[in-house]
Each structure stands twice: as C-alpha cells, then as structure tokens.
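Enquirer: Fold the following and give me the result.
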Amino acid sequence: MDAIHFGTDGWRATVDAFTDERVGAVGRAVAAHLDDEGVEGAVVVGYDARESSPEIADELARVLRGRGRDVLLPERDVPTPLVAWAIVERGLAGGLMVTASHNPPEYNGIKYLPEDGAPALPEVTDAIEDRLAEPEPLPEAEWGELSEVDLVEPHAEHALALVDADLDGLTVAYDAMHGSGRGVTDALLERAGAEVRRVRCAADPTFGGEPPEPSAEHLGPLVAAVGESGADLGVANDGDADRVAVVTPEGVLDANLFFAAVYDYLLESDAGPAVRTVSTTFLVDRIADAHGEAVYETPVGFKWVAAAMADHDALMGGEESGGFSVRGHVREKDGVLMALLSAAAAAEEPFDERVARLLDEHGEVHQDRVSVDCPDAEKARVVGEIEDALPDRVAGIEVERVNDADGFKVLLADGSWLLVRPSGTEPKLRVYAEAASEARVGELLGAGRALVEPLV
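Expert: Modelled structure (predicted):
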C-alpha cells in the first residue's frame, strides 16, 4: 500500500499501479473513514474517458457495497464537477472520481470528494491513507445496493438556472480534447442558444495521442477552428472537464486574464470578494479594489481556494491553471459551468474588448513561469535555503515584502512580483513572475533562476 498517496488532487500513477488490491484498499479506506466519522448515505463513483476507468470504478463500487454502502454509478463517463454536484444535490456521503485529469493516457487516478463536494483537505486524505489496511467485506446479505443514474441532466439544469445566459446569435467552437466534456459542455451551450462547432468531440481513450491539457501548446485545433469558422469564442475542457480554457479571435486567452474578465463581468450584476492563489494575477485585485471588494490569497491548489471561498462568501475563486468556481455552485472547479459563464460574458462583451478595456483602466499585466528540475527529496531543503538567500533587491527593484504562504513570493516596489514554489505534481520548482511588460517578466524569471539553480 506504500504506492498509494493522495497528493494535490488525489492518487495518480501509471495505469499498472491500479491493481484490484490497491483499488480495493482505497475503497475500503474511504468506507472506513465515512463510518468512523459517522457520515451516513450513499456514495457516487464517477469515471473519466480513459480505457481503464470503468473497470476501476466498478471495483470501487463493488468494494464500497461490500462495506454496506449504497453506490451510484453514472450512465457514462462524466466530468468531475458533475460528481461533485451530485454529492451536494442528492445529499450523498461523498464520492470517488476515477480520473487522471489532464495527464497522458498511460496514467489514471482516484480522487475523493467529501459530502460538501469541495476538494478534500489534507487532514481528510491523510485519514484515508491511514485506513488503507481495512477489513474485508461484510456478509453479502449486508451489501449495499448499486444504482445507475444520470448525472448530466441535474447539473445542466442547475447551471442554466445559475447562469443568466442568452446565447442566441453566439457561435462557440467547443473542444472536448476527446475527454468527458464531450456531449456535456457542448450540449449545455446549445441549450442556452449557442451555435456550437465541435472539435475533438469523438470518444478516444488515447486523447488523440497527446495529454488532454488545455494549455496553449495543445489548443492548435481549437485556434484553427475559431479562425476558420469565424466563431465568436472557443472553449476547451481538459480530460475530466474540471478546467476551462478560452480562445478568442486573437488566440488563446491567458487564464489570468480570463479570471479578471469573468470576475469583472460578474461584478456588473453582483458583489463579493474574489479568492485567488499566490500564482494568480494581481489584475484581479485591481478590479476588486475598483469595486470596493477584497481579494483573499491562498496557496496553490483548488482545495485552498474552495476553503477560502466558504470562509469569505466569495463571488468567484480560481487559479491561473484554469480552475474556477462561483458563488451559488459547489466549491469545486467546474469547466462545464465556466464554459457556459464564459459564453454569457462573451455574449455581452467580447473577451478581447473587455480585456483591452481592463488593461487600459488598470494597467498592463504580463505573467509567465519557468521550471527548475529538483528531486522531490530535495525540495524542502532547497525551499528552506531560499529564505536565507533572498536578496533585498530583485532585478534592480527593492523588495517590499515577502509572502511565505506557499514557497516564497517576493513583492517588489514597482508592483511586480516573483514567486518560487515547489511543484506538487512533478520533481520541479516553479518560478513565476508578473510585471507590466514581457521584458520585465523575463528579467524577473532570470533573477529567479539565478536564485534557485545554485541551491538545487
């Protein structure tokens, strides 16, 4: 069981690691955790479009039933946010999602979602790991029941009720990247009135030979579709459709600018603070300040965003990697809902126009990041040594303060910043920078590399 570790977003590994023994251990540990915490009710088990996912989901369902839990299985592979919404909407004890999200097809994963549908915090996943050697099944007469349910329609009805979207006359190119958003996000956009042009919406467990990650380097087909069809907007989801990316007629829209634009759109008819991670743009803060609102900063990881959204009744929360949610919805990142919300915002004012206006009002913002190889075993040492190595000036600008909530974020006197933090998913350190020009970002990233590399 040493191979099982619930990291930033659940247990992920290559497919060969998902033996019946290990999958069964996870299912029994979840059941034991729910029993020990006195959480009653059924559990939903969802799965993504990977070839191995239905079989892993079936084994989890069998084991949970064997510990006396009723289990709900979806009629098809589904996005992670649909599982999260089902937990809240149906009052379930929790849920498991079989997915490796944006990882390549040779990977899979298991994610646990507690009864509030938000990402599980470390104390919960640690408790599950501590229970991995739990007892075998109950007598068959005491097994729970298995039900197959539709998770798509309840989520769609909720999304349409939450988002005021009249998309008549809007043309949207939708890219499922062969993932579980196909037939879900595109159908939702059509129900709201959009004309939808589909890209990579055929089922393919190999994801067309590349990771189902909606980053700029993987969105060429969607960029081409927007240009060739004259679509007003392009929207993509990752493999389990919990993340969203947007393409405009000018190209891929940076997720930081997307966050700022959608938050600005929401503030036209509502009020409330925003929650963002330490690696996400200060443009959100400038927009919030202009509306008399606050912004709360968290470590990287949507679980921290979700917790802060609850603490502060936030209107919107998100991170620069493309995960977002809004008030009135489950506190889990939802690329399906955000696709609908982005189309609603674009129908009122095209993203390119809104972003240009915001940058004109609040100042230019540019951001980028680089990675420095660092073995996992060395990360804690390197991060500890960075504290002693931090200079008083970075790339010629005085350091005003340092935020150590997640690595070290150095805030400079000219409003720019440099962040160094350990990756939660790869043997790397991430170096981020934000400034008023691309040239300045490059200088900051160079300074960040020069700070980190001698310590690795």
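Enquirer: How many residues are close by the residue nearest to residue 115 when sequence neighbours are not counted?
Expert: Excluding its sequence neighbours, the residue lying closest to residue 115 (Cβ to Cβ, 6 or more residues apart in numbering) is residue 94, at 5.3 Å. For glycine as for every other residue, the C-beta is placed from the backbone atoms N, C-alpha and C. Per other Cβ atoms under 10 Å, the neighbour tally for residue 94 reads 24.
Enquirer: which residues touch residue 94?
Expert: Contacts for residue 94 (Cβ atoms under 8 Å, 6 or more residues apart in numbering) come out as 30, 34, 39, 43, 87, 112, 113, 114, 115.
Enquirer: Where does residue 401 fall, secondary structure wise?
Expert: strand 397-403 (DSSP states H and E).
Enquirer: Going by contacts, tell me the helices and strands next to the following helix or strand past that strand.
Expert: For strand 397-403, the following helix or strand on the C-terminal side (DSSP H and E) is strand 408-412. In terms of contacts (3 or more Cβ pairs under 8 Å, 6 or more residues apart in numbering; DSSP states H and E), strand 408-412 is packed against helix 376-389, strand 397-403, strand 417-422.
Enquirer: can you tell which of these is closest to residue 299?
Expert: Residue 299 lies closest to strand 417-422 among those, at 8.2 Å (Cβ to Cβ).
Enquirer: Parallel or antiparallel, list what pairs with the closest one.
Expert: Strand 417-422 has the following strand partners under DSSP bridges: strand 408-412 (antiparallel), strand 428-435 (antiparallel).
Enquirer: Redo those strands as TSV? Include mean neighbour count.
Expert: Below are these laid out as TSV (neighbours: other Cβ atoms under 10 Å):
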stretch	mean neighbour count
strand 408-412	21
strand 428-435	24
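Enquirer: Quick one, which of those gets closest to residue 397.
Expert: So among these, strand 408-412 is nearest, using Cβ to Cβ, at 4.4 Å.
Enquirer: Need the contact partners of that closest one.
Expert: 278, 383, 386-387, 390, 394, 397-403, 417-421.
Enquirer: Give the buried subset of the residues you listed as a ChimeraX selection command.
Expert: Selection of the buried residues among these in ChimeraX, burial being defined by 16 or more other Cβ atoms under 10 Å:
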select :278,383,386,394,397,399,417,418,419,420,421
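Enquirer: Give me the distance between the helix or strand hosting residue 262 and the centre of its chain.
Expert: Assessed by DSSP H and E, residue 262 sits inside helix 255-267. Centre-to-centre, helix 255-267 and its host chain are 16 Å apart (Cα atoms, centre = their mean, to the nearest Å).
Enquirer: Give the pairing partners of the helix or strand following it; include direction for each.
Expert: Downstream of helix 255-267, the first helix or strand assigned by DSSP H and E is strand 274-277. Sheet pairing of strand 274-277 (DSSP bridges) gives strand 295-298 (parallel), strand 316-318 (parallel).
Enquirer: which strands and helices sit next to the next helix-or-strand element following the first one?
Expert: On the C-terminal side of strand 295-298, the nearest following helix or strand under DSSP H and E is helix 302-312. Contact partners of helix 302-312 among helices and strands, from 3+ Cβ pairs under 8 Å, 6+ apart: strand 274-277, strand 295-298, strand 316-318, strand 324-326.
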